[in-house]
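Colleague: Predicted model and sequence follow; I will ask about them next.
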Amino acid sequence: MSSMNRVKLGEVALVEISGVDKKTSDGEAVVRLCNFTDVYKNWAITAAMHETFMVASANEREIEKFALHRGQVAVTKDSETRDDIGIPAYIADDFDDVILGYHCALITPDESKINGKYLNAFLHTEFIQKFFSANASGSGQRYTLSIETLNSIPIYLPSLEEQERIGDIFSKIDRKIELNRQINDYLEA
């Protein structure tokens, strides 16, 4: 096993917090919205999910900043419970008209330093979930991860080659789980 560098997420990726709401406003472009529950319930966001995303609208700046592109990772950033924040989902496909909704953050990895699939797998670890729980601000009604907290997430980076192998393994496992879920749904029907 190769040596690993420890970096902060903000050193290897751009982290942006979405404020795109579920409303449809005149003068804005019609888009599909990838919401908190879409991120929370899925290991990966895929083109096959396109029609399930709700219809909303967004302005040009929001579309430019929060359009979903293959290789990015979306993260739930605030919720009523500590356990529901910091849940990641890998963006597995490019989308023309799907943007990330509020209560989420969009992470765009610097691909020369970190692989998005690896980042997604790493953010699913108990180590990082404990980091999120310990660093969430708020109490009672709502817990949140600030941009400062997200940028300071400690990331252990093996070589890009190793990151790719690790990310691919977890993606294959997720695809198998999804296929089994579809088979079960079909059999129940």
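Modeller: That came through fine. Residues are numbered from 1 along each chain as shown.

Colleague: going forward, measure contacts between C-alpha atoms and count neighbours the same way
Modeller: OK.

Colleague: Helix or strand: which one has the most centrally placed residue in the chain?
Modeller: For the chain, A74 is the residue whose C-alpha lies nearest the centre (Cα atoms, centre = their mean; 1.7 Å). Following DSSP states H and E, the helix or strand that holds A74 is strand 73-76.

Colleague: which of the residues in the helix or strand bottoming out on mean pLDDT in the chain are buried?
Modeller: Sorting the helices and strands of the chain by mean pLDDT, DSSP states H and E puts helix 160-188 at the bottom, at a mean of 85. Neighbour-count burial for helix 160-188 flags 163-164, 166-167, 170-171 (criterion: 16 or more other Cα atoms under 10 Å).

Colleague: how far away is the residue nearest to D94 when sequence neighbours are not counted from K176?
Modeller: In space, and not counting its chain neighbours, D94 is closest to H69: 4.3 Å by Cα to Cα, 6 or more residues apart in numbering. As judged by Cα to Cα, to the nearest Å, H69 and K176 stand 23 Å apart.

Colleague: And for D38?
Modeller: In this view, D38 and K176 are 19 Å apart by Cα to Cα.

Colleague: which other residues reach the helix or strand E16 falls within?
Modeller: Assessed by DSSP H and E, E16 sits inside strand 13-17. The contact list for strand 13-17, computed with Cα atoms under 8 Å, 6 or more residues apart in numbering, reads 102-110, 114, 147, 150-151.

Colleague: Could you export these to a markdown table, including columns for distance to E62, neighbour count and secondary structure?
Modeller: Putting those into a markdown table (distance: Cα to Cα, whole Å; neighbours: other Cα atoms under 10 Å; DSSP: H, G, I helix; E, B strand; the rest coil) gives the following:
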| residue | distance to E62 | neighbour count | secondary structure |
| --- | --- | --- | --- |
| Y102 | 11 | 19 | coil |
| H103 | 14 | 21 | coil |
| C104 | 13 | 30 | strand |
| A105 | 13 | 27 | strand |
| L106 | 12 | 27 | strand |
| I107 | 15 | 28 | strand |
| T108 | 15 | 22 | strand |
| P109 | 19 | 22 | strand |
| D110 | 21 | 16 | coil |
| I114 | 25 | 24 | coil |
| I147 | 17 | 14 | helix |
| L150 | 20 | 23 | helix |
| N151 | 20 | 19 | helix |
